[in-house]
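J.: just need the structure, nothing else, for what follows:
(4 chains)
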Protein chains: 2
Amino acid sequence: MDDDQLDLVFGALADRTRRAILARLAETDSNVNDLTALFTMSQPAISKHLKVLEGAGLVSRNRQGTMRLSHLEAEPLKDATGWLADYREYWDASYARLDALLDSLKKEKS
Amino acid sequence: MDDDQLDLVFGALADRTRRAILARLAETDSNVNDLTALFTMSQPAISKHLKVLEGAGLVSRNRQGTMRLSHLEAEPLKDATGWLADYREYWDASYARLDALLDSLKKEKS
DNA sequence: GTTATCTATAACCAAGTAGTTATGGAGGTC
DNA sequence: GACCTCCATAACTACTTGGTTATAGATAAC
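T.: Here you go, the predicted structure:
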């Protein structure tokens, strides 16, 4: 994952409204009106947030009749987690042990 | 972890210079001059970035003679990872299984 | 084709961000 | 106390961001 992409993903996550939108989309695909109803904010504001999320690859949209349903695309969150994982040893004392466990799990799978 | 804190942490991580600073501090504590030498940027710009990182709790500083050494504080990264973990099931098919494993590890520890 | 609904876009505003140069303050050293 | 060195702060600029209202575009229904 390159710096441009990380800039976009972390930037998208740096706003509580956008995080709340992702939380909602984790439950169910939603249209702009549904999302607008959840916040004390205008519809264009929500559309803008969706555009940011879409730009970071965190949301996809497809027409469903007259509506456009927003759908969570979690893949970039995996990459962000991957970046954070490099620092895990600095906060998780049991990281080394956990790491070994995950390695053995991988081997078992392959 | 509350929204204010997540805003600060993700916001701090949304800049590649600041991520690079964290990468450096993961290797060794550094003073402002050292960090400035690593980037094509003025010293006050680096001082500003450090202030943002400090505000997010990602960096602490203590005087060491005439220098102020910046030190990585990784705890907030743990919290950010915790937030992202809520979405793990959406990108990691083997999450459920992994989760069970971690649970058993916790029990074993306690 | 008119109308209604849903959403995107345009134009604007206030505030924040990322950088600059210039300068001042705090800590050692002589 | 004079002088360096290290760093922070001030003042400024250009750009971005997060919101607004007003409006236009696309699709479906009648």
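J.: what residues does chain A put near chain B?
T.: Proximity of chain A to chain B is confined to A:3, A:6-7, A:10-11, A:13-16, A:19, A:22, A:26, A:72, A:74-75, A:77-78, A:80-81, A:83-88, A:90-92, A:94, A:97-98, A:101-102, A:105, A:109 under the rule Cβ under 8 Å from any Cβ of the partner chain. Every C-beta, even on glycine, is put in place using the N, C-alpha and C of the backbone.
J.: pLDDT weak spots in chain A?
T.: Filtered on pLDDT under 70, chain A yields the residue ranges A:93, A:96-99, A:102, A:106-107, A:109-110.
J.: okay, strands next: where are they in it?
T.: Taking DSSP state E, the strands of chain A run over residues A:59-64, A:67-72.
J.: only C-alpha atoms, please: export the last one in PDB.
T.: To tie it back to what came earlier, the one meant is strand A:67-72. Taking C-alpha atoms only, strand A:67-72 is exported to PDB below (Å, rounded to 0.1, in the frame of the first residue of the first chain):
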ATOM      1  CA  MET A  67     -31.600   5.400  -5.500                       C
ATOM      2  CA  ARG A  68     -27.900   4.800  -5.300                       C
ATOM      3  CA  LEU A  69     -27.000   2.300  -2.600                       C
ATOM      4  CA  SER A  70     -23.700   2.800  -0.800                       C
ATOM      5  CA  HIS A  71     -21.800  -0.300   0.100                       C
ATOM      6  CA  LEU A  72     -18.900  -0.900   2.500                       C
END
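J.: so which elements touch it?
T.: Applying 3 or more Cβ pairs under 8 Å, 6 or more residues apart in numbering or on different chains; DSSP states H and E, we find strand A:67-72 packed against helix A:16-27, helix A:32-38, strand A:59-64.
J.: what is the burial count for A:Leu25?
T.: The number of residues packed around A:Leu25, counting by other Cβ atoms under 10 Å in any protein chain shown, is 23.
J.: and if you look at A:Asp34?
T.: Other residues near A:Asp34 number 15, with proximity taken as other Cβ under 10 Å.
J.: over to the one 3 residues further on?
T.: One way to gauge burial is a neighbour count; for A:Ala37, by other Cβ under 10 Å, it gives 10.
J.: ok, now how distant is it from A:Ser30?
T.: From A:Ala37 across to A:Ser30, the span is 9 Å (Cβ to Cβ, to the nearest Å).
J.: and for A:Ser60?
T.: Between A:Ser60 and A:Ser30 the distance is 13 Å, computed by Cβ to Cβ.
J.: same question for A:Leu84.
T.: In this structure, A:Leu84 and A:Ser30 are 27 Å apart, going by Cβ to Cβ.
J.: so which of the two has more stuff around it?
T.: A:Ser30 (22 against 18).
J.: would you mind listing what in chain A touches DNA strand C?
T.: A:31-34, A:43-44, A:47-48, A:50-51, A:61, A:66-69 (Cβ under 7 Å from any atom of the strand).
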